[in-house]
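**Q** mind looking at a prediction? Sequence and model below.
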Amino acid sequence: MAEYLAAYGAQRPIDDGLLEYYGTLRAAHAYAKIIAARQDVDLPYTARDGYSWQHPVLFAVVRNLLEKTTGVAIEPL
């Protein structure tokens with residue numbers, strides 16, 4: 001990731017605040033999809049079987065990222 005950001009940053013400036021914002025937004029989106037699927041909520045774009053962020057390790061990463069960036073404690077499911 002560091003190499004990618006360095007190469008991208010050489011072409012265009014990167015706003016670290018926006019990078020964190022969009023990373024958190026993406027994590028929140030993944031979290032919402034997974035929770036909706038686990039609760040059997042029929043919403044458009046609910047996570048389907050095989051959605052990679054459903055893997056317990058990746059889901060924990062998403063939860064930890066949301067806690068770190070928002071300061072909101074999220075109980076593990």
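**A** Cool, got the structure. All values reported here derive from a predicted model rather than from experimental measurement.

**Q** quick one, what contacts the most centrally placed residue in the chain?
**A** Nearest to the geometric centre of the chain sits Ala27, at 1.5 Å (CA atoms, centre = their mean). Going by CB atoms under 8 Å, 6 or more residues apart in numbering, Ala27 touches 62, 65-66, 69. C-beta: built from backbone N, CA, C; applies to glycine.

**Q** filter those down to the buried ones.
**A** Listed as buried from the contacts of Ala27 are 62, 65-66; burial here means 16 or more other CB atoms under 10 Å.

**Q** which among these gets closest to Leu77?
**A** Distance to Leu77, by CB to CB, is smallest for Val62 among the buried ones among the contacts of Ala27, at 11.4 Å.

**Q** and the helices in the chain?
**A** Secondary structure of the chain, counting by DSSP state H: helices at 2-11, 16-38, 56-70.

**Q** same list, the ones you listed, but as a markdown table with distance to Thr46 and mean pLDDT please.
**A** What follows is those, written out as a markdown table (distance: least, CB to CB, whole Å; pLDDT from 0 to 100):
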| stretch | distance to Thr46 | mean pLDDT |
| --- | --- | --- |
| helix 2-11 | 30 | 91 |
| helix 16-38 | 5 | 89 |
| helix 56-70 | 15 | 91 |
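
**Q** how many residues are close by Thr24?
**A** Close neighbours of Thr24, defined as other CB atoms under 10 Å, add up to 15.

**Q** leaving aside the residues next to it on the chain, what's closest to it?
**A** Leaving aside its chain neighbours, Thr24 sits nearest to Thr69 (4.4 Å; criterion: CB to CB, 6 or more residues apart in numbering).

**Q** can you check Leu65 too?
**A** Closest residue to Leu65 apart from its sequence neighbours, by CB to CB, 6+ apart: Ala27 at 4.7 Å.
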